[in-house]
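1. Have a look; sequence and predicted model below, questions after that.
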Amino acid sequence: MFLKKYKNFVFLSLLIILVCISYFYHFRIDLTSDKRYSISVQTKNLISKIDKPIQVIVYLDGDLNPGFQRLKKSTVELLEELSFFSGERFQIQFINPSLAESNEPT
């Protein structure tokens, strides 16, 4: 009787709790058969031992065609995940390759 009367409230409450928990805990589910989007345990261990910042320069910016936009999106996701496991020690910079001479890091 109680659940029938308050099922929307209970569902919304559980959803809010789940969102709050997911905000504090990072997890990712890779449903591909070859675990294409998973980072191996060895890589996680290696990345977690980094003690100095790492600067990553990615030449994928500017006016990109759809294929390169997908590549940029997947590159950003991978680098953000690696940064998470390194304790946010990755400094990521995107450079437009057609303007690379003027944007060259010093």
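-> That came through, no problem.

2. Please name every helix or strand in contact with the helix or strand Thr75 falls within.
-> Using DSSP states H and E, the element containing Thr75 is helix 66-85. The contact analysis (3 or more C-beta pairs under 8 Å, 6 or more residues apart in numbering; DSSP states H and E) places helix 66-85 against helix 41-48, strand 54-58, strand 90-94. For the C-beta atoms, the positions are set from N, CA and C on the backbone; glycine is no exception.

3. For my notes, confirm Ile21 occurs in a helix.
-> Yes. Membership of Ile21 in a helix is supported by DSSP: H, G, I helix; E, B strand; the rest coil.

4. Against Arg70, how distant is it?
-> 30 Å (C-beta to C-beta, to the nearest Å).

5. likewise Lys35?
-> Between Lys35 and Arg70 the distance, using C-beta to C-beta, works out to 20 Å.

6. cool, and Gln93?
-> In terms of C-beta to C-beta, Gln93 sits 20 Å off from Arg70.

7. Gln93 is in contact with Ile57, correct?
-> Yes. Shown here, Ile57 and Gln93 form a contact pair, counting by C-beta atoms under 8 Å, at 5.1 Å.

8. what about stretch 35-55, distance to the chain center?
-> 13 Å (C-alpha atoms, centre = their mean, to the nearest Å).

9. Use 26 as the first number for this chain going forward.
-> Got it, the first residue is 26 from now on, which makes the last one we talked about stretch 60-80.

10. Identify the residues contacting that stretch?
-> Contacts with stretch 60-80, where a contact means C-beta atoms under 8 Å, 6 or more residues apart in numbering, come from 53, 55, 106-107, 110-112, 114-116, 118, 130.

11. Would you mind listing which of these are buried?
-> 106-107, 110-111, 115 (16 or more other C-beta atoms under 10 Å).

12. Show the pLDDT at Phe27.
-> In this model, Phe27 is scored at 59, pLDDT.

13. same check, this time on Phe49
-> 79.

14. That one: neighbouring residues, count only.
-> Neighbour count of Phe49, defined by other C-beta atoms under 10 Å: 6.
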